[in-house]
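[1] 3D, please:
(one chain, ligands or ions: 1)
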Amino acid sequence: MNKVLIKSAIVNHPPPAPPIKGREKQTYGKAPDVHKIFEMMLQFKKLYRESDLKACKLIIVLTMVFLAASGCKKEDAVINSDEFLIAASFYPVYIIALNVAWGIDGVRVVNMTPPFTGCLHDYSVTAGDMKNLENADIFIVNGAGMENFMDKIAGRYPGLKTAELSEGIRFIKDINGVNPHVWLNTGNAVIMTQNCARFLSDADGKHADLYKKNAAKYIKELTDLKEEMRSSLEKFKGEKIITFHEAFPYFAEEHGLDIAAVVEREPGSEPSARELSGTINLVRKMKIKNLFAEPQYPSASADVIARETGAKVYILDPAVSGDDDKGSYIKIMKKNLSVLVSSFSDK
Ligand SMILES: [Zn+2]
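    This next block holds a predicted model:
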């Protein structure tokens, strides 16, 4: 992006002074120097008497400039516009973008939402989040209905290029519509990485080769992960699991697992007493031994069901939060794999 270096003079007016409490007094900005103004006025009087009008005018202008300068501060705001800035909507797409843009000079990836946000389907975008898009050259999103605030963003940044990483993925639908948790199928993560490389190469042509090279490297890692998961979970095909957030249908489909029930479709929304007793009956009837709660959404109902049925609670991570480690998704999925294997072997 060859944008010019913008140097703009921003005039920062001091904030209005708050009411003075007791003897406490605060000063905002710099007060004009009274002695200097007085000196200038004396000079003005003298010159006026001597009828040097030209000099009088100069003194008046200088006094006004001085007054203005003492009340207002001028600053240079420098925006590094040579940088190609990629903004990602939330953690799973941020990690993909981080891998594809890794180590490329002049390219930076930011996560629009805080890394502990979790899924966006139950999230209201904040003014602070929106601010992160201010200088973005492209906005990488999951799509499939995960970002339900896109109208708001289009209204604020009408020219912002948006790239949906779930493009071309076969969606799983239920009575509530398309399930957006596509990244939990490692094959889908590969498609999302390919899409990311294509979108970034189109938008930032001079780094296209590097994006493609990085994507190929990450796809190799994802393919190895896929194979490791497939070979380890093959013998558990058809196992029934119960989850507490509608995040795992793509994961279950990939590994041939059967989600017998989802206790809380919206994370954090505890089920009613009737729903809870229905799930307890189901767990008893189907002899389900494994309940899978999530680290981001502690579930009281998981503990109740476990207590009532003797099933055990395990943690499956939907990879919606974490640190800036670009290997984070792979690490989380490997952890999920070992949790699943030990839970199924435990019976
Ligand atoms: Zn979710």
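[2] so where's the stretch 51-200 of the chain uncertain?
    Along the stretch 51-200 of the chain, the parts satisfying pLDDT under 70 run over 51-81.
[3] redo that, cut-off 80
    Residue ranges of the stretch 51-200 of the chain with pLDDT under 80: 51-81, 122.
[4] Tell me where it has strands.
    Listed from the start of the chain, the stretch 51-200 of the chain has strands (DSSP state E, counting those that start in this stretch) covering 73-79, 84-88, 107-111, 138-141, 161-164, 173-174, 177-178.
[5] looking at these, which is closest to the ion?
    Each of those was scored for nearness to the ion using CB to the ion, and the closest is strand 177-178 (12.4 Å). Placement of C-beta: from N, CA and C, glycine included.
[6] So is the closest one next to the ion?
    No: in terms of CB under 5 Å from the ion, no part of strand 177-178 sits within range of the ion; the closest distance is 12.4 Å.
[7] what about the nearest residue to Asn148 once chain neighbours are set aside, neighbour count?
    Closest residue to Asn148 apart from its sequence neighbours, by CB to CB, 6 or more residues apart in numbering: His121 at 6.5 Å. Using other CB atoms under 10 Å, His121 is surrounded by 20 other residues.
[8] swap in Ala154?
    Other residues within reach of Ala154 by the criterion other CB under 10 Å amount to 13.
[9] do you know how far it is from the ion?
    23 Å (CB to the ion, to the nearest Å).
[10] how near is that residue to Leu133?
    11 Å (CB to CB, to the nearest Å).
[11] What helix or strand is Glu227 located in?
    With elements delineated by DSSP states H and E, Glu227 resides in helix 208-233, which encompasses its position.
[12] tell me which residues of that helix are tucked away?
    Within helix 208-233, the residues that qualify as buried are 210-212, 214-215, 218-219, 221-222, 225-226, 229, 233, counting by 16 or more other CB atoms under 10 Å.
[13] Would you mind putting these into CSV with pLDDT alongside?
    CSV is the format used below for the buried residues of helix 208-233 (pLDDT from 0 to 100):
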residue, pLDDT
Leu210, 98
Tyr211, 98
Lys212, 98
Asn214, 98
Ala215, 98
Tyr218, 98
Ile219, 98
Glu221, 98
Leu222, 98
Leu225, 98
Lys226, 98
Met229, 98
Leu233, 97
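[14] any residues in contact with both of Ala154 and Leu133?
    Shared contacts of Ala154 and Leu133, defined by CB atoms under 8 Å, 6 or more residues apart in numbering, are found at Leu160.
[15] who in the stretch 201-347 of the chain is up against the ion?
    Residues of the stretch 201-347 of the chain that fall close to the ion, judged by CB under 5 Å from the ion: Ala247.
[16] Where does pLDDT dip in the stretch 201-347 of the chain?
    Applying pLDDT under 80 to the stretch 201-347 of the chain flags residues 264-270, 296-299, 346-347.
[17] quick one, what contacts the closest residue to the ion within it?
    Going by CB to the ion, the ion is nearest to Ala247 of the stretch 201-347 of the chain, at 4.7 Å. By CB under 8 Å, 6+ apart, the contact list for Ala247 reads Cys119, His181, Leu184, Glu294, Pro318, Val320.
[18] Nearest spatial neighbour of the second one, chain-adjacent residues omitted?
    In this case it means His181. Ala247 (4.5 Å).
[19] Break this structure down into its structural domains.
    For the chain, automatic domain parsing gives the domain ranges 6-15+29-78, 84-228, 233-345.
[20] any idea how far the last one is from the chain center?
    The one in question is domain 233-345. Centroid separation between domain 233-345 and its chain, computed with CA atoms, centre = their mean, to the nearest Å, is 24 Å.
[21] Now stretch 146-154: buried residues?
    Met146, Glu147, Met150, Ile153.
[22] same deal with stretch 104-115?
    Those buried within stretch 104-115 under the rule 16+ other CB under 10 Å are Ile104, Val107, Val109, Asn111, Met112, Thr113, Pro115.
[23] Up against the ion, what does the stretch 51-200 of the chain have?
    By the rule CB under 5 Å from the ion, the part of the stretch 51-200 of the chain lying against the ion is Cys119.
[24] In the stretch 51-200 of the chain, what residue comes closest to the ion?
    Of the residues in the stretch 51-200 of the chain, the one nearest the ion is Cys119, at a distance of 3.0 Å by CB to the ion.
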